[in-house]
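S.K.: dropping the sequence and predicted coords here.
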Amino acid sequence: MPTRDRLLACLVAVTWGLNFPAIHVALEQFPPFFLVALRFALIAVPTVLFVRPPGVPWRWVLGYGVGFGVLQFLFLYAAMAAGMPTGLASLVLQSSAPCTVVLAALLLRERLTGRQALGVAVAVAGLAGIALHRAEVDGGALLLPVLLTLCGGLGWALGNLCTRQARAPRPFALTLWMSVVPPLPMLGVSLAVEGPDAVGRSLTTLGTTTGLLALAGLAFTVLVATLLGSGVWGALMSRHPSSTVAPFSMLVPVVGIGSAWLLLGEPTTGTELAWGALVVGGVLLGSTGRSAGAAQRREPGRDGARQEAPDDGGQQADHQHEATADGLDPEGLQGEERQPGHQDGQAEPEQDDEPGRLGGTGLGHRDSLPRLDREVGAGKALHP
């Protein structure tokens, strides 16, 4: 994973960590389920009117919207409204990272290197240390809010897998169109569970101090956390394996606990900072080094001989996919690489006649099949 993408992943973690105090302030004014519907409706309306569809199968847009938009925030907002401390909520929600890694291994057959597995284990240990300490500080979190937040983390993980499988040529458009999914279902849940009266009161008292602060928190959630944070996150998930990107989400509670202490007065201690440093170390450990696809440096050649495989972290296939999405022929991109061998009289490699038939990736060259089998081909198990 390039340094630039690691920095972008850290930026997303900071924006999402700061989003928890913003959610806390907004929940002082709006019922939780109505707040989820309102959050995404503010994005969905201009998206439908002005943004072209993302150019991916609609099942992945729907899956992303249900997992990331509906399930994650339905359970998270319900947990925080039920008394889940803001900092602890930011911590428990990061169960999405190990859930993503496990689900990616089971459903997408993504392989972990030993370094990645160790990094996840170290980060989870840091999260567990923070959770135990916060449970002592807060007198123990109630079981129901914790379980609700864990369900939110599972929803986030499902959204991550759908983003990975979509491989959107325009990831930001995918993020915008994902926001079209949650508003109507969440509005229905809000009216059925919270009632029209609660929704009406939250809208008629927006001129109060609490209402104005709630609007500011909602604006941060929509503009920064959703548009910026989710947009960058979707782009990273489309370029790298889920097991490489997901551990960065475990940086969120470090920011969330710190911002809750600074902005809301929730206590924090040096012990929590020490455990937070362990989380950071685990994420850095798991994100550096070669991916599982690059760990096999020697691959068999077409003639049965062993030849060196480039350590590009699997990015060549991703570049070919992006070029195809832009209307370029991947075979044209590889033509110059084959010219020397062709001039020496070597046989031209056989091409696939249907470059789009495998998972809709646009990869037709047979050299792409090993990576495709690992990261895309297994996605057929998810197809309806």
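M.R.: Structure received.
S.K.: so what secondary structure elements neighbour the helix or strand hosting residue 149?
M.R.: Residue 149 belongs to helix 143-166 when elements are defined using DSSP states H and E. With contacts taken as 3 or more C-beta pairs under 8 Å, 6 or more residues apart in numbering; DSSP states H and E, helix 143-166 sits against helix 58-64, helix 72-81, helix 86-92, helix 96-107, helix 171-178, helix 231-239, helix 242-245. Yep, even glycine has a C-beta here, placed from its N, CA and C like the rest.
S.K.: per-residue confidence averaged over that helix?
M.R.: The pLDDT scores in helix 143-166 average 89.
S.K.: okay, that helix in PDB with CA atoms only?
M.R.: Extracted in PDB, the C-alpha atoms of helix 143-166 (Å, rounded to 0.1, in the frame of the first residue of the first chain):
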ATOM      1  CA  LEU A 143     -24.800  -5.100  27.600                       C
ATOM      2  CA  LEU A 144     -27.500  -4.000  25.100                       C
ATOM      3  CA  PRO A 145     -25.700  -0.900  23.800                       C
ATOM      4  CA  VAL A 146     -22.500  -2.900  23.400                       C
ATOM      5  CA  LEU A 147     -24.300  -5.600  21.400                       C
ATOM      6  CA  LEU A 148     -26.000  -3.000  19.200                       C
ATOM      7  CA  THR A 149     -22.600  -1.400  18.400                       C
ATOM      8  CA  LEU A 150     -21.100  -4.800  17.600                       C
ATOM      9  CA  CYS A 151     -24.000  -5.300  15.100                       C
ATOM     10  CA  GLY A 152     -23.200  -1.900  13.600                       C
ATOM     11  CA  GLY A 153     -19.600  -3.100  13.100                       C
ATOM     12  CA  LEU A 154     -20.800  -6.200  11.300                       C
ATOM     13  CA  GLY A 155     -22.900  -4.000   9.000                       C
ATOM     14  CA  TRP A 156     -19.800  -1.900   8.200                       C
ATOM     15  CA  ALA A 157     -17.800  -5.000   7.400                       C
ATOM     16  CA  LEU A 158     -20.500  -6.100   4.900                       C
ATOM     17  CA  GLY A 159     -20.400  -2.700   3.300                       C
ATOM     18  CA  ASN A 160     -16.700  -3.000   2.900                       C
ATOM     19  CA  LEU A 161     -17.000  -6.300   1.100                       C
ATOM     20  CA  CYS A 162     -19.600  -4.900  -1.300                       C
ATOM     21  CA  THR A 163     -17.300  -1.900  -2.000                       C
ATOM     22  CA  ARG A 164     -14.400  -4.200  -2.700                       C
ATOM     23  CA  GLN A 165     -16.500  -6.400  -5.100                       C
ATOM     24  CA  ALA A 166     -18.000  -3.400  -6.900                       C
END
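S.K.: may I see the buried residues of it?
M.R.: 145-146, 148-166 (16 or more other C-beta atoms under 10 Å).
S.K.: low-confidence ranges in this structure?
M.R.: 134, 137-143, 268, 287-384 (pLDDT under 70).
S.K.: could you pull out the strands in the chain for me?
M.R.: 298-300, 306-308 (DSSP state E).
S.K.: quick one on the thing from earlier: make CSV from the helices and strands packed on helix 143-166 and add distance to residue 29 to it.
M.R.: Shown next, in CSV, are the helices and strands packed on helix 143-166 (distance: least, C-beta to C-beta, whole Å):
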stretch, distance to residue 29
helix 58-64, 28
helix 72-81, 12
helix 86-92, 16
helix 96-107, 27
helix 171-178, 25
helix 231-239, 26
helix 242-245, 33
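S.K.: residue 135 is nearest to which of these?
M.R.: Residue 135 sits nearest to helix 86-92 of all the helices and strands packed on helix 143-166, at 7.9 Å, using C-beta to C-beta.
S.K.: tabulate the CA atom coordinates of the closest one in PDB.
M.R.: The C-alpha coordinates for helix 86-92 follow below in PDB (Å, rounded to 0.1, in the frame of the first residue of the first chain):
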ATOM      1  CA  THR A  86     -19.300   8.300  22.800                       C
ATOM      2  CA  GLY A  87     -15.600   7.300  23.100                       C
ATOM      3  CA  LEU A  88     -16.500   3.600  23.900                       C
ATOM      4  CA  ALA A  89     -18.900   3.600  20.900                       C
ATOM      5  CA  SER A  90     -16.000   4.600  18.600                       C
ATOM      6  CA  LEU A  91     -14.000   1.800  20.000                       C
ATOM      7  CA  VAL A  92     -16.500  -1.100  19.800                       C
END
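S.K.: I am finished for the moment; much appreciated.
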